[in-house]
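A.B. asks: Quick one: sequence plus predicted model below, questions after.
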Number of protein chains: 2
Amino acid sequence: MKPLSECRVAVIGLGLMGASLCMDLKRRNLCREVRGVTRNFSTILRAFHEDAVDLATTDLSSGVAGADVVILSTPVRAVVTMLGTLESILWPGTIVMDMGSTKAEICEAMDRLPPRVQPIGGHPMTGKETAGYASAECGLYEGAPWVLTPLPRTSTETVELASELAQAIGAFPITMEPVRHDRLVAAISHLPYLLASGLVHTVNDSGASDAAVWDLAAGGFRDTSRVAASDTQMFLDILMTNRDAVLAQLDTLEGHLTELKTLLADKNEDALRTKLSCSQARRAAWQPNRGAFASQTND
Amino acid sequence: MKPLSECRVAVIGLGLMGASLCMDLKRRNLCREVRGVTRNFSTILRAFHEDAVDLATTDLSSGVAGADVVILSTPVRAVVTMLGTLESILWPGTIVMDMGSTKAEICEAMDRLPPRVQPIGGHPMTGKETAGYASAECGLYEGAPWVLTPLPRTSTETVELASELAQAIGAFPITMEPVRHDRLVAAISHLPYLLASGLVHTVNDSGASDAAVWDLAAGGFRDTSRVAASDTQMFLDILMTNRDAVLAQLDTLEGHLTELKTLLADKNEDALRTKLSCSQARRAAWQPNRGAFASQTND
């Protein structure tokens, strides 16, 4: 198999994730050719102007023609739909990757691709609360975990090329089963999003009777609610394709909130201190992962 | 009344908030003398060494003797206790301020001070999830709202001096009733803290069966859970002195989370989109207040 430096890479979808990937690949000269496929003609002009791509088009067929690697960078359900469309136009030997935020449904759809192509699921654990090409930037993937979810049919060489690509732009690959990925991100990504939405709604209710609440909101509100500003369609796709895992996490969270509420209502200060100290210690000790995968053996 | 530049200022408690205040006052040369009172002798040495104070002591009486302004910078219930102790040793004409995170109980205690002193409640809306002298820094108050809660007995001159002090270190004063302050911060500060604690507990539960959850946790978890690492005693004092308002906010939040959960469980995508779009728009439009107080007229 070709090394990344000799590959033509076609990125489908030039939003935050896809365009940032193009910028890294192109400006660091990591592959033979960087192509962008987008429905938005003005994005094509901008991507050319900013030297984010070698070639950009609104035409899917010509975008993927002769590409060695095709990377789908759209909301999850658009990835699933796109895989159906790509089925008939992918060249033999093409590696098909994606950057969708849930993996089970996407990997099932990937498994329906014809045997001549090599699919592998992926999810770089980074992002921003702002979306679209305008938010894209070089270095977005620096230091981020990039989960790879190979299918049983995925060759070792394909896993290696996907890993090489992730590492080339500063991310570190972590390989795991799609279902395990979805269960874990329900807790650390999808649940925080719903919490943030609930918090914004709650403050908004306060604001309806006293708008000064928005004037006092500072760093605590800012950080706790940040992800609520994320792209709605992206998160709808995530929630609808990871429903059971997200609902399970919501149940667990509700249990903890109910416990905190009861302890406070009962003025049970000792038990409240114990519970708050526990989360304090856990959070204070946590550091974002920067390359080690402590739990690889669980895979 | 003296301007701030001619005042001796005694700060009681040299944790994050108190020590940062001392550093700003001392290094910017904003008052005649900066004194620090702390129970911790090693903090005294460090504060001297780092030129954060003119004078530091573990002895409360000598610390406040002759001070024009005494600022209490301890957890809320320690402020209330300290006010009782100070009662007999404060000199006539002393202005007594505080930086506690809830205001109703503190202002009630302040009202019990003898008529010879001038009390005013205060709460700078800034902080960090790390506590103690070691976390203190110059400029912590830059751009932060600083709520002032004068009592009926508080003179205009005292409000003006407190405002001058807040503005001198880059904060902007907002004046309101103590109970109104407590109701508003329950939504934008105390609720986010409990949410963050609940989130950390939930992820911890996930981690018990699959430790890889900690390896995947990235920016969304980091920000949504940040305040859970805050000082436990500080937040216990906050929760116990603002119980009713916090419980009311928890109820409202639970309602929103239940609604989100039901919409997801029922696959009611249209209604889910509407609800998520609403919080998306609200959060994306919000900017931290940097000096305007849009709702001052509600006061």
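C.D. replies: All right, it came through fine.

A.B. asks: When you work out contacts or count neighbours from here on, use the C-alpha atoms and nothing else.
C.D. replies: OK.

A.B. asks: Can you verify my assumption that A:T241 contacts A:I106?
C.D. replies: No: judged on Cα atoms under 8 Å, A:T241 makes no contact with A:I106 at a distance of 9.2 Å.

A.B. asks: pretty sure A:N40 contacts A:T58?
C.D. replies: Yes: the pair A:N40 and A:T58 qualifies as a contact (Cα under 8 Å) at a distance of 7.0 Å.

A.B. asks: So between the two, which is more surrounded?
C.D. replies: Of the pair A:N40 and A:T58, A:T58 is the one with more neighbours under other Cα atoms under 10 Å in any protein chain shown, namely 17 against 12.

A.B. asks: you'd agree A:D215 is up against B:I188?
C.D. replies: No: under the contact definition of Cα under 8 Å, A:D215 does not touch B:I188, with a separation of 10.1 Å.

A.B. asks: hmm, back to that, joint contacts of A:T241 and A:I106?
C.D. replies: A:76-77 (Cα atoms under 8 Å, 6 or more residues apart in numbering or on different chains).

A.B. asks: Following the chain past the helix or strand encompassing A:E259, name the next helix or strand.
C.D. replies: A:E259 is part of helix A:243-265, with elements assigned from DSSP states H and E. As assigned by DSSP H and E, the chain's next helix or strand after helix A:243-265 is helix A:269-285.

A.B. asks: near chain B at all, that next one?
C.D. replies: Yes: when contact is scored as Cα under 8 Å from any Cα of the partner chain, part of helix A:269-285 falls within range of chain B: A:269, A:272-273, A:276-277, A:279-284.

A.B. asks: Dump those residues to JSON lines, plus distance to B:L184 and neighbour count.
C.D. replies: Formatted as JSON lines, the entries for the residues of helix A:269-285 next to chain B read as follows, by distance: Cα to Cα, whole Å; neighbours: other Cα atoms under 10 Å in any protein chain shown:
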{"residue": "A:E269", "distance to B:L184": "23", "neighbour count": "16"}
{"residue": "A:L272", "distance to B:L184": "22", "neighbour count": "21"}
{"residue": "A:R273", "distance to B:L184": "24", "neighbour count": "15"}
{"residue": "A:L276", "distance to B:L184": "22", "neighbour count": "26"}
{"residue": "A:S277", "distance to B:L184": "25", "neighbour count": "20"}
{"residue": "A:S279", "distance to B:L184": "24", "neighbour count": "25"}
{"residue": "A:Q280", "distance to B:L184": "24", "neighbour count": "24"}
{"residue": "A:A281", "distance to B:L184": "28", "neighbour count": "16"}
{"residue": "A:R282", "distance to B:L184": "28", "neighbour count": "17"}
{"residue": "A:R283", "distance to B:L184": "26", "neighbour count": "24"}
{"residue": "A:A284", "distance to B:L184": "27", "neighbour count": "16"}
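
A.B. asks: Below-threshold pLDDT in the stretch 101-250 of chain A: ranges please.
C.D. replies: Applying pLDDT under 70 to the predicted model, the stretch 101-250 of chain A contains no residue that meets it.

A.B. asks: one more time with 80
C.D. replies: Residues of the stretch 101-250 of chain A that meet the criterion pLDDT under 80 lie in A:129.

A.B. asks: OK, contacts around the most centrally placed residue in chain A?
C.D. replies: Of all residues in chain A, the one closest to the mean position by Cα atoms, centre = their mean is A:S101, 4.1 Å from it. With contacts defined as Cα under 8 Å, 6+ apart, the neighbours of A:S101 are A:75-76, A:123, A:238.

A.B. asks: ok, back up a step: compare neighbour counts for A:D215 and B:I188 and give me the winner.
C.D. replies: Taking neighbours as other Cα under 10 Å, A:D215 and B:I188 compare with B:I188 leading, 27 against 22.

A.B. asks: for the more buried one, helix, strand, or coil?
C.D. replies: Here B:I188 is helix, with the state taken from DSSP: H, G, I helix; E, B strand; the rest coil.

A.B. asks: so what's it up against?
C.D. replies: With the criterion set at Cα under 8 Å, 6+ apart, B:I188 makes contact with A:203, A:213, A:216-218, A:220-221.
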